[in-house]
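Chemist: Return atomic coordinates for the entry below.
(2 chains)
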Amino acid sequence: MSEWFSSLRLRVRALFMRQKREQELQDEVAFHLSMREEQARASGALDARAQARRQFGSVAKIQDDVRDTWALAPRLASLVQDIRYGSRMIRRGPGFALLVVVILGLGVAVNTVMFSVVNAVVVRPLPFPQADRLVRVFHVPPPAQFPGATRFAVSPANYLDWNAQNSVFERMSIYADGNATLTGRGEEPQAVPQELVSADYFAVLGISPLTGRLFQRGDDKSGTDDNIVIRESLWRTRFGGDPAIVGRSIIVNARPRTVIGVVPNALAVGRVQMWSPLVLSPELRALRGIHDFAVVARLKPTVTVARAQAEMDTISKRLERQYPVDNTGWGAIVLPMHDEIVGDARFALLVLLGAVGFVMLIASANLANLLLAKTVGRSKEIAVRAALGASRRRVVQQILCETVLLGLMSGAVGLLVAQLSLNTIVTYITGTIPRTSEITLDSRVMLFTLGVSLVAGMIAGLAPAWRLTRPNIQGTLNQGLTRTATGAHDRRLRNALVVSEVALALVLLAGAGLLIRTVGSLRAVDPGFDQHNVLAAVIALPQPKYPKPEDRVRFSRQVVERLRSLPGVEAASAIDSLPMTGGSTQPVEIEGGPAQVMSKQPEVAVRRVMPGYLRTAGMRLIAGRDFTEADTATSQPVVVVSEAMARQFWPNDNPVGKRLTLTFRPGVVREVVGVVSDVKLRGLDFADPVSALYTPFAQSQIGLISLVVRTSVPPKTVTSSVGAAIHEIDRDLPLLGVRTLDEVVGASMAQQRFAMELLAAFAGLALLLAAIGIYSVLSWTVRQRVREIGIRRALGAPTQDVIRMVVIEGLKPALLGVALGLVSALALGRLMTALVFGVSPHDVATLSSVSVILTMCAVTATLVPAYRATRVDPVIALRDEP
Amino acid sequence: MLTIPKVIMGNEAETPADLLQGTLELLILKTLASGEKHGYEIAEWIHVASAEALSVEEGALYPALHRLELRGLLVADWDISANNRRAKYYRLTPSGRKRLKETRESWRRTSVAINRVLEAT
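Modeler: Residues are numbered from 1 along each chain as shown, chains lettered A, B, ... in the order given. The predicted model follows:
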């Protein structure tokens, strides 16, 4: 042990006396050499000095070995030396280093951004304590009535039974989405997304307040429900961070409420800004057949999701037997909250992360190629070092040091670019991808970036390192001083790099192509209405101000009339929920059909509309009539049905004149007066038409109102006059959202478009990098073969022959890459099934067109080198070569 | 590395490096037991003392010397050599002497053991 310590002491001292040590070592070796020389001379040798040298062996290697022994950690010392050497090489060629850092840096930046998104959305747990114990519980509806639906909103009575009968959840909470309107003090009315939550909500999530308190047991009793909780962001923006916010009274939905606490931004998922107590009135508590609520729960510490699921299955079976009318066929599903929130985005994000990984590989291969060209120029130097006894490990280490150093520099640049562009990207994907507010460059992202940079540097360095430790030292040394000839062996390595670049680029292009086709086929889907030139504004009428249905209908009629008189407006009307934004689904009983319990009754989409909606939305009336102002609360209740509904219930009959009842409004027998074209209510990628039924506002309960305006001018230009028209009638009414129907339709395919745009961008980048790769390899080949080309030209080879030779030379690896890429794309195609629509993942047209694009790109990349080959002057080429 | 006639050790490339390194260090310690020497003298001394059966390569000698020095088994000083030149002289430290004694013992035991094995029938 003491020996180890004294050794350490001496080693540390050696570090500080480096120069002196170095000098002493030189002297010591010189002395030894001179002694040998004397001895040789004494024994009569003529070339005493040379003989001494020969006997001594490699001076450099011995000095290296000795130096190793001094070092604190011998390996490290040589590493430090190599890093110094590497940085010197980089400084000597700053242009080259810049090129590399730009190419790799961009790759690293793209990877960093993509990973930071994946990290925040997919990898990181939700921002709640022990978030892995949080689950959401849904109903599973009977498949006969709700084909394809696996998650369904929960009915209050069932929730109460789940809560009372389960032994797996620590706590459960029921809640519903809603909209709140903030008014008062002459400020602009503001609509904020809110949640109505049961008292246990915050306890389930484990949120503690920034200030004040959150809901507790008893806060959701009728009469004590004036308290509200707001989010930090609302507190800061609307209330200027008022330090006396707790206890402050504010007007929400035309009713004074008291703020009792503030939830920190970081602990809220989604856009919700405000929480009100959900008061379960006796009527609501008894409601079992109406499914309108969400449920979140916290598992007990040792309970798994599977066990909770098993217990919920048992409870559901029991409830089915107990309440057959409402519950037959209704099950329950327990989903980890994280999975439920991240949902579909997870897969698209992972595909995109894979895609940027490909881009990085291509960039590294390119860098390897560039370095290969550069280091081959240095092979003489390396050969000399090897001849002087530098070990192979050492040579490899030295090259890797240089490339890893370049990789790290690119990493730094990439991180910087990522940081600068992150905000833009977060804005771009917000709304398409959940949890975007949580995206940051945290330590895990940094670590990832470091890893990517290191690996990229290593990959880039391996090819040149491998190449340089292969050559026959003697062969290289014997070659002329001005040129380094490299053989077929070298070309194979470079071509292999090109093949892999092209193959990777093709896979990316194929993916992008499939998504472009997907978005194309989604665009080509007829939504069943004409979405162009329509502006939609969503409003919610506060209950206290518009308590009776008549008030609401009167308001809607007034607004629509005013809207119709606006300049540029061709038609105006209203619907409760715009297509593709959700809406009501209800059981229906057809007159003359079989009498069934509610849970067995067929379900149809129900939309409430104002007269003129069908025309304003550009739907086709197929039979009968639209609603008119004559359809009032006191006239015969009427409905218009969709074609799909007509086919479903009256396949061989004229539906007009038939009668039906909506189970939720028993006793009201409604008559079918018209049939209208099918609308893609759920989204463009749902193939089956939805059976839908429309009722007039005047004969319905209405909550949300979506005003729709068909314009003869660009729809956005009437936004402010639409807002003004609404505020002329009620100046405290905020607009929940003003969008064109084009945007509404666009939003329904946002995820595919988002994936398509990013993948197309990555594929473009890959294409560019692959082209650079082909170009640089070919340029190099032409330079290598200058003499051969010169001879051919001297012997009278026509220009086209030279061009053809070079182009074919370049195309060979490119075509091989295309072939390999096609095979990989076919193999990976299955992965894309979940993302594509209206196109097979093995679509021949897509695959062949991307092959053509890539081949064209390869041909283009060969043109400049080919042109250069035709400029070779035979005389110079022949004279140049030794 | 110690070059040992192939007759004795078989193929040179197959000789275990550790054994040789340790052995070389033992020989250096032994050589210096009789007084301080510079590198060249050490190499010569081993050559002569082994009746020219062993010759020490400089490539192994100097790293070994520096290693021993760093481990505090040797100290070195610059002095004037017999032919009036500056040379680096190594000598044993007390712990070097101790180490020589220990290593020598263990070498002796090992070689006796090996010989027994070789002569066993």
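
Chemist: Ranking helices and strands of the chain by mean pLDDT, which lands last?
Modeler: All of this is about chain A. helix A:473-478 (a mean of 50; mean pLDDT, DSSP states H and E).

Chemist: To clarify, I was referring to chain B.
Modeler: helix B:6-9 (a mean of 34).

Chemist: Show me the strands paired with the strand ranked longest in chain A, marking each as parallel or antiparallel.
Modeler: Longest strand in chain A, counting residues (DSSP state E): strand A:169-183. Strand A:169-183 has the following strand partners under DSSP bridges: strand A:190-197 (antiparallel), strand A:249-252 (antiparallel), strand A:294-299 (antiparallel).

Chemist: ranking those by burial, who's on top?
Modeler: Among these, the stretch with the highest mean neighbour count (mean count of other Cβ atoms under 10 Å in any protein chain shown) is strand A:294-299, at a mean of 23. All C-beta atoms are positioned from the backbone trio N, CA, C, and that covers glycine.

Chemist: and residue A:624, what does it touch?
Modeler: Going by Cβ atoms under 8 Å, 6 or more residues apart in numbering or on different chains, residue A:624 touches A:640, A:656, A:672-675.

Chemist: Let's see if you can find the most crowded of these.
Modeler: Greatest neighbour count in those, by other Cβ atoms under 10 Å in any protein chain shown, goes to residue A:640: 29 neighbours.

Chemist: show me the contacts for residue A:500.
Modeler: So residue A:500 contacts A:361, A:365, A:817, A:820 (Cβ under 8 Å, 6+ apart).

Chemist: Which of the three states applies to the third one?
Modeler: Counting by DSSP: H, G, I helix; E, B strand; the rest coil, the backbone at residue A:817 sits in helix.

Chemist: element containing residue B:30?
Modeler: Assessed by DSSP states H and E, residue B:30 sits inside helix B:17-33.

Chemist: buried sites along that helix?
Modeler: B:20-21, B:23-32 (16 or more other Cβ atoms under 10 Å in any protein chain shown).

Chemist: same check, this time on stretch A:642-652
Modeler: Applying 16+ other Cβ under 10 Å to stretch A:642-652 flags A:642-647, A:649-650 as buried.

Chemist: and it, average pLDDT?
Modeler: The average pLDDT for stretch A:642-652 rounds to 92.

Chemist: Please compute how far it lies from its chain's middle.
Modeler: Distance, stretch centre to chain centre, for stretch A:642-652: 40 Å (Cα atoms, centre = their mean, to the nearest Å).

Chemist: again with stretch A:835-850
Modeler: 21 Å.

Chemist: Endpoint to endpoint, that stretch covers what distance?
Modeler: 18 Å (Cα to Cα, to the nearest Å).

Chemist: List the residue ranges of the chain that fall below the pLDDT cut-off.
Modeler: Reading this off chain A. Residues of chain A that meet the criterion pLDDT under 70 lie in A:1-7, A:11, A:14-16, A:70-79, A:185-186, A:224, A:375-392, A:468-489, A:877-882.

Chemist: meant chain B, my bad for not saying
Modeler: Where chain B drops to pLDDT under 70, the residues are B:1-21.

Chemist: ok, for the residue sitting nearest the centre point of it, nearest residue in space, not its chain neighbours?
Modeler: For chain B, residue B:27 is the residue whose C-alpha lies nearest the centre (Cα atoms, centre = their mean; 2.4 Å). Excluding its sequence neighbours, the residue lying closest to residue B:27 (Cβ to Cβ, 6 or more residues apart in numbering or on different chains) is residue B:46, at 5.4 Å.

Chemist: Report the distance from the one helix or strand the one you found maps to to the chain centre.
Modeler: Element membership for residue B:46 (DSSP H and E) is helix B:39-49. Its chain's C-alpha centre and that of helix B:39-49 lie 9 Å apart, by Cα atoms, centre = their mean.

Chemist: Now do the following helix or strand past that helix: which elements does it pack against?
Modeler: Going down the chain from helix B:39-49, the next helix or strand is strand B:55-56, by DSSP H and E. Secondary-structure packing of strand B:55-56 (3 or more Cβ pairs under 8 Å, 6 or more residues apart in numbering or on different chains; DSSP states H and E): strand B:2-3, helix B:39-49.

Chemist: could you redo the last one with a cut-off of 10 Å?
Modeler: The contact analysis (3 or more Cβ pairs under 10 Å, 6 or more residues apart in numbering or on different chains; DSSP states H and E) places strand B:55-56 against strand B:2-3, helix B:17-33, helix B:39-49.

Chemist: Compare the ones you listed and give me the one nearest residue A:207.
Modeler: helix B:17-33 (63.3 Å; Cβ to Cβ).

Chemist: before we move on, back to that, out of the buried residues of stretch A:642-652, flag the one nearest to chain B.
Modeler: Closest to chain B out of the buried residues of stretch A:642-652 is residue A:644 (83.7 Å), distances taken as Cβ to the nearest Cβ.

Chemist: Would you mark the buried spots in the longest helix along chain B?
Modeler: In chain B, assigned by DSSP state H, the helix with the most residues is helix B:94-119. For helix B:94-119, the neighbour count (16+ other Cβ under 10 Å) marks B:96, B:99-100, B:103 as buried.

Chemist: chain center to that helix: distance?
Modeler: Put simply, helix B:94-119 sits 13 Å off its chain's centre (Cα atoms, centre = their mean).

Chemist: likewise stretch A:336-350?
Modeler: With Cα atoms, centre = their mean, you get 10 Å for stretch A:336-350.

Chemist: Put the alpha carbons of that stretch into CSV.
Modeler: Extracted in CSV, the C-alpha atoms of stretch A:336-350 (Å, rounded to 0.1, in the frame of the first residue of the first chain):
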residue,chain,number,x,y,z
PRO,A,336,-52.6,3.8,-16.9
MET,A,337,-53.1,7.5,-17.0
HIS,A,338,-49.8,8.0,-18.8
ASP,A,339,-50.8,5.7,-21.6
GLU,A,340,-54.2,7.2,-21.9
ILE,A,341,-52.8,10.8,-22.2
VAL,A,342,-50.0,9.9,-24.5
GLY,A,343,-52.1,7.5,-26.6
ASP,A,344,-51.5,7.6,-30.3
ALA,A,345,-48.8,10.2,-30.2
ARG,A,346,-46.4,7.7,-28.7
PHE,A,347,-46.1,5.6,-31.8
ALA,A,348,-45.8,8.4,-34.3
LEU,A,349,-43.1,10.0,-32.1
LEU,A,350,-41.1,6.8,-31.9
